[in-house]
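1. Below is the sequence, then the predicted model.
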Amino acid sequence: MSKYVAAIDQGTTSTRCIIFDRQGNIISVGQKEHQQIYPQPGWVEHDLEEIRKNTLEVIAQARISASIQASDIAAVGITNQRETTAVWNRRTGKPYYNALVWQDTRTGELVSQFAQNGGQDRFRTKTGLPLATYFSGLKLRWLLDNVAGLREDAERGDAIFGNMDTFLIWHLTGGANGGTHVTDVTNASRTQLMNLETLQWDDELLSIFEIPHSMLPAIKSSSEVYGNVVLDVLPNVPIAGDLGDQHAALVGQTCFEPGQAKNTYGTGCFMLLNTGTELKVSTQGLLTTVAYQFGNQPVCYALEGSVAIAGALVQWLRDNLGMIQKSSDVEELAKAVEDNGGAYIVPAFSGLYAPYWKADARGVIAGLTRYVNKNHIARAVLEATAYQTLDVMEAMERDANIELKSLRVDGGMVANQTLMQFQADMLSVPVVCPAVTETTALGAAYAAGLAVGYWKNFDDLRQNWGVAQTWNPQMTEDRRSKLYKGWKKAVERSFAWED
């Protein structure tokens with residue numbers, strides 16, 4: 001009997017392969033970063049060929065480092081940066097253009113154009129999403145309008161589209177020689193082209209966006225066998241799980257009950273609240289999205305608050321300002337002062353996402369005096385993530401009409417004790433970190449393992465979940481509300497910066 005399940009985690013800055021055992025323990029990891037391409041201000045691209053090659057490399061790394069045979073692996077799951085948009089040729093496998101990354105804002109004019117008739121929430125009832133530069137549909141429309149020959153090839157059936165999950169599954173299962181062209185309901189729900197109730201591509205939306213139906217992958221559940229790997233890195237291993245990264249983290253955190261929520265601190269910051277089989281359309285600036293669907297079970301929905309810039313703000317401090325050598329250095333700087341010295345940083349580098357949805361916002365540093373030094377700036381960088389999370393949580397509680405009792409957290413920034421304590425203080429609820437923090441990859445592994453019977457049911461998965469650390473609130477309510485008031489003022493200063 002197979003001993004392990006593998007997960008490919010194709011993220012915004014790197015691709016990883018993680019191999020897990022039945023208890024959800026990490027056996028082996030392979031990881032490789034890829035280039036971030038910025039052709040113009042606001043444009044963010046990835047080289048699809050680089051990511052394809054890196055994926056094969058990290059699978060090999062993970063297997064070789066633990067001497068694992070392909071026959072030891074029951075299944076592989078895929079999780080991916082969502083909304084990042086790829087187009088390639090069905091016959092050759094060759095990309096037409098770099099992938100447009102979820103952070104890319106070049107579709108701003110299209111957002112304005114489509115919002116003229118019906119406003120920003122024109123498609124929210126069907127898709128759960130506002131018109132924004134974030135989602136894949138408008139990125140695909142931009143590619144069709146701007147890449148020579150693409151629309152003609154698409155009309156002919158030669159050009160196909162997918163987010164990163166679709167691109168990798170297609171290549172791993174044979175590519176131009178019969179590769180499977182599929183996505184799952186979670187990734188499809190981020191395109192603004194899928195109807196949330198029917199779970200199918202919506203013909204009216206495709207017509208409005210002028211996107212040929214033939215380009216789109218088949219929509220499947222998040223946990224079923226899509227095909228077998230035909231390449232030497234994992235020969236004959238079934239690909240049996242597919243979840244967008246934030247949905248995968250919800251599964252990895254075993255948030256299977258309505259009312260359970262998780263927050264992932266990565267490049268951006270993403271809070272998801274399980275609302276069960278009930279589809280709640282947000283009135284508070286949140287997204288309604290598919291949480292997951294396992295096989296032929298009913299689909300579960302979630303409310304999501306998406307924050308564009310979290311860990312990326314620390315990278316900006318490191319790479320653009322040179323204030324730190326490595327990302328982890330930010331905590332030492334921040335710990336040297338007791339507070340932010342009155343300074344706030346609103347990282348609206350590509351506009352503000354939830355709950356504001358202000359595409360014209362841009363980053364600001366507010367409240368500067370001669371007293372503020374680099375330590376205060378470092379602290380303001382960390383605090384920005386906590387404040388943005390509080391914005392989202394308040395919106396979530398109003399939308400769902402529930403009060404969160406605790407928040408499960410994961411992602412790279414969870415290692416930062418100063419941030420996590422401040423987060424608990426600002427939320428006024430305990431912040432809980434699980435024993436296995438690689439919850440995104442674990443969720444993809446869970447989906448794949450359930451599909452092939454490696455795990456039997458949710459109870460098997462819940463037994464794997466254990467607490468590594470809990471941060472309890474320690475701040476007075478007066479102090480908390482004063483700090484948050486300052487943040488709200490700073491956020492308003494970022495609005496309407498772009499004409």
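-> That came through, no problem. What you are looking at is a predicted structure, and each value in this text was computed from that prediction instead of being measured.

2. use CA for all of it now, contacts and neighbours both
-> Will do.

3. Would you state the helices of the stretch 51-200 of the chain in chain order?
-> Shown for the stretch 51-200 of the chain, the helices assigned by DSSP state H, counting those that start in this stretch span residues 108-115, 124-127, 136-146, 150-156, 164-172, 185-188.

4. Now the ones you listed in a markdown table, please, with extra columns for mean pLDDT, mean neighbour count and distance to Ala435.
-> Below are those laid out as a markdown table (pLDDT from 0 to 100; neighbours: other CA atoms under 10 Å; distance: least, CA to CA, whole Å):
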| stretch | mean pLDDT | mean neighbour count | distance to Ala435 |
| --- | --- | --- | --- |
| helix 108-115 | 93 | 16 | 41 |
| helix 124-127 | 93 | 20 | 35 |
| helix 136-146 | 97 | 21 | 34 |
| helix 150-156 | 96 | 17 | 46 |
| helix 164-172 | 98 | 25 | 27 |
| helix 185-188 | 97 | 29 | 26 |
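
5. closest to Asn401 out of those?
-> In terms of CA to CA, the element of the helices of the stretch 51-200 of the chain nearest to Asn401 is helix 124-127, at 19.4 Å.

6. Contacts for the closest one next, please.
-> With CA atoms under 8 Å, 6 or more residues apart in numbering as the test, helix 124-127 has contacts from Pro130, Ser189, Gln192, Leu193, Met194, Asn195, Leu196, Glu197, Val281, Thr288, Thr289.

7. Buried members of the residues you listed into PyMOL, please.
-> Here is the PyMOL selection string for the buried members of the contacts of helix 124-127, based on 16 or more other CA atoms under 10 Å:
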select buried, resi 130+189+192+193+194+195+196+281+288+289
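
8. Just the contacts of helix 124-127: which are in strands?
-> Met194, Asn195, Thr288, Thr289 (DSSP state E).

9. Poorly predicted segments of this structure, please.
-> 1 (pLDDT under 70).

10. Packing partners of the longest helix seen in it?
-> When the chain is parsed with DSSP state H, its longest helix is helix 374-400. Where contact means 3 or more CA pairs under 8 Å, 6 or more residues apart in numbering; DSSP states H and E, helix 374-400 is packed against strand 269-276, strand 300-307, helix 311-319, helix 329-335, strand 344-346, helix 417-427.

11. now with 7 Å?
-> helix 329-335, strand 344-346, helix 417-427 (3 or more CA pairs under 7 Å, 6 or more residues apart in numbering; DSSP states H and E).

12. Buried deepest among the ones you listed, which one?
-> strand 344-346 (a mean of 27; mean count of other CA atoms under 10 Å).

13. Please name the strands paired to that strand in the sheet, noting orientation.
-> Strand pairing for strand 344-346, using DSSP bridges, gives strand 364-366 (antiparallel).

14. how near is Thr186 to Ile59?
-> From Thr186 across to Ile59, the span is 24 Å (CA to CA, to the nearest Å).

15. for Gly266, same thing?
-> From Gly266 to Ile59 the distance is 22 Å (CA to CA).

16. higher neighbour count, those two?
-> Ile59 (24 against 20; other CA atoms under 10 Å).

17. pretty sure that one is touching Gln31, no?
-> No. Taking CA atoms under 7 Å as the definition, Ile59 is not a contact partner of Gln31, at 8.6 Å.

18. Give the residues shared as contacts by those two.
-> Cys17 (CA atoms under 7 Å, 6 or more residues apart in numbering).

19. quick one: strands adjacent to the strand or helix carrying Ala468?
-> If you go by DSSP states H and E, Ala468 is part of strand 467-471. The pairing partners recorded for strand 467-471 under DSSP bridges are strand 431-434 (antiparallel).

20. helix or strand right after the strand it pairs with?
-> Beyond strand 431-434 toward the C-terminal end (DSSP H and E), the next one is helix 439-451.

21. Check which element follows that next one along the chain.
-> helix 458-464.

22. And the contacts of stretch 103-114?
-> With contacts defined as CA under 7 Å, 6+ apart, stretch 103-114 is touched by Gly42, Trp43, Val44, Leu131, Ala132, Thr133, Tyr134, Leu138, Lys139, Trp142, Ser350.

23. swap the cut-off to 8 Å and go again
-> Taking CA under 8 Å, 6+ apart as the rule, stretch 103-114 contacts 42-45, 120, 131-134, 138-139, 142, 308, 350, 359.

24. Pick out the most distant pair among those residues.
-> Glu45 and Gln120 (25.1 Å).

25. which of the two has more neighbours?
-> Glu45 (20 against 17).

26. Contact partners for the more buried one?
-> Gln36, Ile37, Tyr38, Pro39, Asn98, Ala99, Leu100, Val101, Asp104.

27. go again using 6 Å as the cut-off
-> Contact partners of Glu45, counting by CA atoms under 6 Å, 6 or more residues apart in numbering, are Ile37, Asn98, Ala99, Leu100, Val101.

28. Closest one to Arg408 out of the residues you listed, please.
-> Each of the contacts of Glu45 was checked against Arg408 using CA to CA; the closest is Val101, at 26.9 Å.

29. quick one on the thing from earlier: got the angle for the longest helix of the chain vs strand 269-276?
-> Angle of helix 374-400 versus strand 269-276, following axes from the mean of the first three to the mean of the last three CA atoms, to 10 degrees, is 20 degrees.

30. buried sites along helix 374-400?
-> With the criterion 16+ other CA under 10 Å, helix 374-400 contains buried residues 375-393, 395-396, 399-400.

31. ranges for the strands of the stretch 1-150 of the chain?
-> Counting by DSSP state E, counting those that start in this stretch, the stretch 1-150 of the chain has strands at residues 4-10, 14-20, 26-33, 45-46, 73-80, 86-89, 99-100.

32. For Asn163, find the nearest of these.
-> So among the strands of the stretch 1-150 of the chain, strand 86-89 is nearest, using CA to CA, at 5.9 Å.
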